[in-house]
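1. below: sequence and its predicted model.
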Amino acid sequence: MKTRITFLLAFLFFVSNLSVAQQDEECMTKLSIFHEYVKAKNFDAAYDSWMDVRTKCPKFNNAIYIDGEKILEYKIEKIAAGEGKIALIQDLVKLWGEREENFPNKTADGEYAANACQLMYDNKELLKKTDLELYECFDAAYKLDKATFTNPKSLYTYFSLMVDLYDAGKKSAQDLFDKYDDVVEKVEDEVKNYSELLNNLVEKEDAGTPLTSKEGKYKSFYESYLGAYDKIASSIDSKLGERANCENLIPLYQKDFDNNKQNAVWLQRAAGKMSEKDCTDDPLFFKLVNAYHDISPSANSAYYLGILKDKEGKSNEAIAFYEEAIKLETDNFKKAKLNNNIGLKLKAKGSYGRARGFFRESLRLNPSNGHPYLSIASMYASSANDCGDTNFNKRATFWLAAEEARKAGRVDPTLKGAAAQTAENYMAKAPTKSEIFSAGNSGQVINIGCWIGASVTVPKI
């Protein structure tokens, strides 16, 4: 009897394994079929075999979800409107949920939750979604997994919905400004991440070492994302617009100051927003900065104290606080930003030599940010009349300015167009070929004096 039972169990196990093996073979065959169709962008032909594998073998391979997303996106785009399109949209959202269920280690929660929200936002009229429903969708995705909620378009949509809800009276001013700070800080985190990755490649190229093919692709990828974040950063500020002017900020922060004077994050954000919007003449800024520095001395608080000293006309004390801010900052990306901001303040005062030192330090810390190069170029151009002994030599300064502008375009993907235009404008002010011929100094080195202290080679003709 025991022998029969053992035989029966063995037979059932064999049949079960055979069935699984047959199913796996069938799924593999159909997966190969739909994957080849997807590679050929023949999404209609891929659909049936893809649905078979999705239904019968949902855990078989992550390609089910990668290719399935492309198939459904194609069909959604192809169909005009109506119930059929709604069903496809709902199915794509369902597919992302199935991916998370079956391949959790290959599914970034924040990314795919935000993708679902963005899909619904892009079709909100068809799906009859309200701004509040969509905002709550994005907010849930952000809170679920902030680290992978990185899509530039979705970050902008998330903030844009908050502004629309504020305008409709459904969100408070504090809600608006808090969300602005959240999203701007997130964008800055992503810019820092891609800048640091790009910096390694920029430094390699500057050292004269060619990038490998793989590194070149990575560089293009990093530049693409930095360009996208640069665009949405400008769009976020434009969307916020005058809603964050001094007339709105000061009474809001004044009202909430007593309840938050021991809250370092609130104080830092309030002082930062007032500094950003140039509300620093109001006594409230003084209260915010000093309260912040008292409970949490930091690079930010020292920088804001420098702003206060600048307002008082105490430039040397201001510089001392700015330099303290740099010493207190441990993050190179943020330290680079501080150096650039201090350079801009000195540049505005006409302290070009000191400003250049801060700009160069900013470039050393973050070589893929080209803005300091443009600032140095601007200072060179502004000093042309003061830094040469002849008219020709004065105008030769524009060659130096143009070269600095070109550097900005070489290292910074967000400045390629602006840098090229700036360099062209400077070159138009430099000596012409006929003037070089008349001067007879083609190929010679000209020393540019005063604070610039640099040399330039006259182009050969």
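-> Sure, I can see it. Numbers count the residues shown, from 1 in each chain.
2. every contact and neighbour count from this point should use C-alpha atoms.
-> Will do.
3. and after the helix or strand hosting Trp399, which helix or strand comes next?
-> Secondary structure assignment for Trp399, by DSSP states H and E: helix 391-411. Helices and strands here follow DSSP H and E; after helix 391-411, the next one along the chain is helix 416-429.
4. now that following helix, how far from the centre of its chain.
-> Counting by Cα atoms, centre = their mean, to the nearest Å, helix 416-429 is centred 25 Å from the centre of its parent chain.
5. now the angle from that helix to helix 391-411?
-> 170 degrees (axes from the mean of the first three to the mean of the last three Cα atoms, to 10 degrees).
6. now do the helix holding Trp399: everything it contacts.
-> Helix 391-411 is touched from outside by 202, 367-374, 376-378, 380-381, 383-388, 415-420, 422-424, 426-427, 429-431, 446, 448, 456, 458, with contacts defined as Cα atoms under 8 Å, 6 or more residues apart in numbering.
7. residues of it that come out buried?
-> Under the neighbour-count criterion of 16 or more other Cα atoms under 10 Å, helix 391-411 has 392-409, 411 buried.
8. alpha carbons of that helix, as PDB, please.
-> Output of helix 391-411 as PDB, limited to C-alpha atoms (Å, rounded to 0.1, in the frame of the first residue of the first chain):
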ATOM      1  CA  ASN A 391      43.000 100.900 -27.900                       C
ATOM      2  CA  PHE A 392      44.000  97.600 -29.500                       C
ATOM      3  CA  ASN A 393      45.200  96.100 -26.200                       C
ATOM      4  CA  LYS A 394      42.100  97.200 -24.400                       C
ATOM      5  CA  ARG A 395      39.900  95.500 -27.000                       C
ATOM      6  CA  ALA A 396      42.100  92.400 -26.800                       C
ATOM      7  CA  THR A 397      40.400  91.800 -23.400                       C
ATOM      8  CA  PHE A 398      37.300  90.700 -25.200                       C
ATOM      9  CA  TRP A 399      39.200  87.700 -26.500                       C
ATOM     10  CA  LEU A 400      39.800  86.700 -22.900                       C
ATOM     11  CA  ALA A 401      36.100  87.300 -22.100                       C
ATOM     12  CA  ALA A 402      35.000  85.200 -25.100                       C
ATOM     13  CA  GLU A 403      37.200  82.300 -24.100                       C
ATOM     14  CA  GLU A 404      35.700  82.300 -20.600                       C
ATOM     15  CA  ALA A 405      32.200  82.300 -22.100                       C
ATOM     16  CA  ARG A 406      33.100  79.300 -24.300                       C
ATOM     17  CA  LYS A 407      34.300  77.400 -21.200                       C
ATOM     18  CA  ALA A 408      30.800  77.800 -19.800                       C
ATOM     19  CA  GLY A 409      29.300  76.200 -22.800                       C
ATOM     20  CA  ARG A 410      31.800  73.300 -22.800                       C
ATOM     21  CA  VAL A 411      31.100  72.200 -19.300                       C
END
